[in-house]
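1. my questions concern the predicted model and sequence given below.
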There are 2 protein chains.
Amino acid sequence: MSRLDSFIRRLEAQRACIDFAARPGNVPEGPIFELGLGNGRTFDHLRECFRAREIFVFERQVNAHPTCVPDAEHLLVGDIMDTLPRAVLRFRGRVAFVHSDLGSGEDARDRATALKIAPLIAEAVAAGGLVASDQALVIAGWQPLPPPPGIAETRYFLYRKPRA
Amino acid sequence: MSRLDSFIRRLEAQRACIDFAARPGNVPEGPIFELGLGNGRTFDHLRECFRAREIFVFERQVNAHPTCVPDAEHLLVGDIMDTLPRAVLRFRGRVAFVHSDLGSGEDARDRATALKIAPLIAEAVAAGGLVASDQALVIAGWQPLPPPPGIAETRYFLYRKPRA
């Protein structure tokens, strides 16, 4: 499989996870968190899928397509370990869906980031809420979901917070 | 359609055009030209598809994944209007397939580049050879091909040089 094949599969898996979360009734009420804006393509997809919801975007340094930058109120710029803890204090247990795509391409660094953000995500998400992540997340008591239909391989990781 | 949807469709169309060219008997003997290396994903796909062929890559400034950089003999670094004319002198009428993905994201600039490189591509390609391009190319006497099967929209442009 070429890197082009692999990249297309990753993007298709990412989109399928977001589309799964956006199905009616699949997440509770509440805002959306997008961890990593990048070029803004997935933010654009999220705002199409979740038209009625607030989407808060976390980004170290904004470098997105000009049409895909959220307004200042919904853009939290800085190190994720500064911005995310503050947002957890504000939205604890109320976030419907988190999409996390902070991957730098360096495996060790990305695993370390995933370890640090997993407990913060766990605090932020509402009971029954979903998380889609480019990295595997280990959160006590959470179970990974199977990949959405049509996605053969786990290129992306999907979790639901227990309702109990 | 979100920018994520649009991007996935473009990549799928790009891959389908390369895979079409790579089908047995679909292009004559000869080398491959890759105009624009970028991150090297399509070069990686090309070398998987055309294992027995020489692939010459043209790139202004190399910024690819380290595993996806061709050897020095097959990497032509510099302005495409310097490197491509020299390559045409060397390979005139012998190139089996050209994949051109020089898009900068600026429409006017990309159209101007397409206008300048079209006659050079026309000179380089062998009779019966194929060109896949992110930009529409206007070459006298050449006909665009329909998009490959499964590609609903023309996100990529495919041409064959007449055999006569």
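-> Nice, I can see it.

2. centre of the chain to stretch A:40-56, how far?
-> 11 Å (C-alpha atoms, centre = their mean, to the nearest Å).

3. other residues contacting that stretch?
-> A:14-15, A:18-19, A:21-22, A:30-34, A:37, A:57, A:64-65, A:67-70, A:74-76, A:87, A:91, A:96-97, A:99, A:101, B:2-5, B:7 (C-beta atoms under 8 Å, 6 or more residues apart in numbering or on different chains). In this view, the C-beta of every residue, glycine as well, is placed from N, C-alpha and C.

4. likewise for stretch A:2-16?
-> So stretch A:2-16 is in contact with A:42, A:45, A:101, A:132, A:134, A:147-151, A:153-156, B:4-5, B:7-8, B:11-12, B:14-15, B:40-42, B:44-45, B:48-49, B:65, B:68, going by C-beta under 8 Å, 6+ apart.

5. need phi/psi at A:Leu75.
-> When read as degrees, to the nearest 10, the backbone of A:Leu75 gives phi -120, psi 120.

6. who does the nearest residue to it once chain neighbours are set aside form a beta bridge with?
-> Closest residue to A:Leu75 in three dimensions, ignoring its sequence neighbours and counting by C-beta to C-beta, 6 or more residues apart in numbering or on different chains: A:Val57, at 5.4 Å. On the basis of DSSP bridges, A:Val57 is bridged to A:Glu34, A:Leu75.

7. re the thing from before, could you turn the buried ones of the contacts of stretch A:2-16 into a PyMOL selection?
-> Those of the contacts of stretch A:2-16 that count as buried under 16 or more other C-beta atoms under 10 Å in any protein chain shown are selected in PyMOL with:
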select buried, (chain A and resi 42+45+101+132+134+147+148+151+155+156) or (chain B and resi 4+7+8+11+12+14+15+40+41+42+44+45+49+68)
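
8. out of the contacts of stretch A:2-16, which are inside helices?
-> Among these, DSSP state H puts A:42, A:45, B:4-5, B:7-8, B:11-12, B:14-15, B:41-42, B:44-45, B:48-49 in helices.

9. strands paired with the longest strand along chain A, and their directions?
-> Ranked by residue count under DSSP state E, the longest strand found in chain A is strand A:125-133. Strand pairing for strand A:125-133, using DSSP bridges, gives strand A:95-100 (parallel), strand A:157-160 (antiparallel).

10. CSV for those, including mean pLDDT and mean neighbour count?
-> Listed next are the strands paired with strand A:125-133 as CSV, based on pLDDT from 0 to 100; neighbours: other C-beta atoms under 10 Å in any protein chain shown:
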stretch, mean pLDDT, mean neighbour count
strand A:95-100, 98, 25
strand A:157-160, 95, 20
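
11. can you pull up the most central residue in chain A?
-> A:His99 (1.0 Å; C-alpha atoms, centre = their mean).

12. tell me the bridge partners for that residue.
-> A:Glu34, A:Ala132.

13. I'd guessed it sits against A:Ile18; true?
-> Yes - contact criterion C-beta atoms under 8 Å: A:His99 and A:Ile18 qualify, at 6.2 Å.

14. overlap of the contact sets of these two?
-> With C-beta under 8 Å, 6+ apart as the test, A:His99 and A:Ile18 both reach A:Thr42, A:Leu46, A:Ala132.

15. now render those residues as TSV, adding pLDDT.
-> Below are those laid out as TSV (pLDDT from 0 to 100):
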residue	pLDDT
A:Thr42	97
A:Leu46	98
A:Ala132	96
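
16. of all those, which comes closest to B:Glu123?
-> A:Thr42 (41.7 Å; C-beta to C-beta).

17. the residue lying closest to A:Ala122 once chain neighbours are set aside: which element?
-> The shortest distance from A:Ala122 to any non-neighbouring residue, by C-beta to C-beta, 6+ apart, is to A:Ile139 (4.6 Å). Counting by DSSP states H and E, A:Ile139 is held by no secondary-structure element, helix or strand.

18. re the thing from before, how close does the residue nearest to the centre of chain A sit to A:Phe50?
-> 10 Å (C-beta to C-beta, to the nearest Å).

19. how about A:Ser147, phi and psi?
-> One correction, residue A:147 is Pro, not Ser. phi -60, psi 150.

20. so how many other residues sit close to A:Pro31?
-> 20 (other C-beta atoms under 10 Å in any protein chain shown).

21. list the contacts for it?
-> A:Arg53, A:Glu54, A:Ile55, A:Phe56, A:Phe91, A:Arg94, A:Val95, A:Ala96.

22. poorly predicted segments of chain A, please.
-> Chain A contains residues with pLDDT under 70 at A:152-154.

23. hmm, the residue nearest to A:Leu75 is touching A:Glu34, no?
-> Yes - shown here, A:Val57 and A:Glu34 form a contact pair, counting by C-beta under 8 Å, at 4.5 Å.
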